[in-house]
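Asks: Dropping the sequence and predicted coords here.
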Amino acid sequence: MASPEQTSVVIPAYNEAHAVADVVAALRGAAAWHEILVVDDGSGDGTGEAARAAGATVVRHPYNKGNGAAVKSGIRAATGEYILIIDADGQHPPADALRLVSRLGEYDLVVGARADATQATWARRLGNAALNRLASYLTGRTIPDLTSGFRAAGRAPLREFLHLLPNGFSTPTTTTLSFVKAGYNVTFEPVEARRRTGRSKINLLGDGTRFLLIVLKIVTLFSPLRVFLPVSLASFALGAGYAAWTIATQSHVTNSSVLLIMLGVLVFLIGLVSEQVAALRFERRD
């Protein structure tokens, strides 16, 4: 079981001077952490100064790169055996942070899964629910909260997937899917997220589309047939069904049905080759 003394806390922060000092103080009061790293992602409001005054070690970006870039900088700078990633907006209480860390050792990744009621708007709840269902299907594992940035993991496996992490707001999505598809032990710990201080920096439409693309990208990296096989079967079935109908009604097979059948076969073969490439990636890693 992991302990706070073995854990580096990474707090990505952009223009969070109004909240970050309270978050750092609350964490320091809750446990003797190995270190608390605040990654100031090019803030213009004194976020870094406020975090440093509260007792955190500050890693500063000279300009804004994105939440994912801040998380990556924190992971690179961390020296603890385990890493806890927590937002700087004050949503998550220290007691939940300790609960997540306590499950490390048994699990390689512990994600703080938020209740639906804590989502700010119905549109965000609906979007997250759709992403959770898609990710659960593609990975073959129930994922109750794909986009929660509140998580704890071993430093070594996190660094293993560092090159896959985007610079934007899809880092939680990428790490969750990567850990699941790589066969690591992943669990979701229910947490209650308080109302955030300040406004969310996530754009539902733009970032939601990027989340969807990230889900497909990661699954095609680790388990391509989950994507290619349904498309292949649908195309083949449509072509075969259309061919049967035209034979019955017109006594011939149309070019369209032949093309659909060929497309289904080609997509399946591409998926099969991609699956072998994915397997080779893991053999090389091992």
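Replies: Perfect, thanks for sending it.
Asks: List the contacts of residue 29.
Replies: residue 94 (Cβ atoms under 8 Å, 6 or more residues apart in numbering). In short, each C-beta sits where N, CA and C put it, glycine included.
Asks: Look up how far residue 22 lies from it.
Replies: Counting by Cβ to Cβ, to the nearest Å, the gap between residue 29 and residue 22 amounts to 10 Å.
Asks: just residue 1 next, same as before
Replies: With Cβ to Cβ as the criterion, residue 1 and residue 22 are 28 Å apart.
Asks: How about residue 47?
Replies: Using Cβ to Cβ, residue 47 is found at 12 Å from residue 22.
Asks: Which one's more surrounded, the two?
Replies: More crowded of residue 47 and residue 22, by other Cβ atoms under 10 Å: residue 47, with 27 against 14.
Asks: could you pull out the helices for the protein?
Replies: 20-30, 47-53, 67-77, 94-102, 122-139, 155-160, 171-181, 204-222, 225-250, 255-285 (DSSP state H).
Asks: can I assume residue 169 is in contact with residue 70?
Replies: No: judged on Cβ atoms under 8 Å, residue 169 makes no contact with residue 70 at a distance of 10.7 Å.
Asks: So between those two, which is more surrounded?
Replies: residue 70 (27 against 22).
Asks: quick one: pLDDT of the more buried one?
Replies: Note on residue 70: pLDDT of 96.
Asks: Now for the residue nearest to it when sequence neighbours are not counted: which residues touch it?
Replies: Spatial nearest neighbour of residue 70, chain neighbours left out: residue 12 (3.5 Å); criterion: Cβ to Cβ, 6 or more residues apart in numbering. Contacts for residue 12 (Cβ under 8 Å, 6+ apart) come out as 39, 41, 67, 70, 71, 74, 85, 87, 88, 149.
Asks: swap in residue 70?
Replies: Here residue 70 is in contact with 12, 13, 14, 39, 41, 61 (criterion: Cβ under 8 Å, 6+ apart).
Asks: so which of these is the most crowded?
Replies: Going by other Cβ under 10 Å, residue 39 tops the contacts of residue 70 with 30 neighbours.
Asks: Would you quantify the distance from that residue to residue 56?
Replies: Separation of residue 39 from residue 56 (Cβ to Cβ): 10 Å.
Asks: Could you tell me how many residues sit around the nearest residue to residue 75 once chain neighbours are set aside?
Replies: Spatial nearest neighbour of residue 75, chain neighbours left out: residue 158 (5.4 Å); criterion: Cβ to Cβ, 6+ apart. Residue 158 has 26 neighbours, counted by other Cβ under 10 Å.
Asks: For burial, what's the neighbour tally of residue 224?
Replies: Other residues lying near residue 224 total 19 when counted by other Cβ under 10 Å.
Asks: ditto for residue 213
Replies: 13.
Asks: What of the one 5 residues further on?
Replies: A count of neighbours around residue 218, defined by other Cβ under 10 Å, yields 24.
Asks: Tell me the spacing between it and residue 212.
Replies: 11 Å.
Asks: hmm, what's the outermost residue in this structure?
Replies: The outermost residue of the chain relative to its centre, with distances by Cα atoms, centre = their mean, is residue 251 at 52.3 Å.
Asks: And the pLDDT for that residue?
Replies: 87.
Asks: Okay, now the unreliable bits of the stretch 1-150 of the chain?
Replies: Residues of the stretch 1-150 of the chain meeting the criterion pLDDT under 70: 116-124.
Asks: Kindly recompute the last result at 90.
Replies: Counting by pLDDT under 90, the stretch 1-150 of the chain contains low-confidence ranges at 1-2, 89-91, 93, 114-141, 146-148.
Asks: Residue 247: neighbour count?
Replies: Counted with other Cβ under 10 Å, residue 247 comes out at 13.
Asks: same deal with the one 5 residues further on?
Replies: Neighbouring residues of residue 252 were enumerated by other Cβ under 10 Å; the total is 9.
Asks: distance of it from residue 264?
Replies: 20 Å.
Asks: Over to residue 138?
Replies: 20 Å.
Asks: again, but for residue 128
Replies: Here the criterion is Cβ to Cβ. By it, residue 128 lies 33 Å from residue 264.
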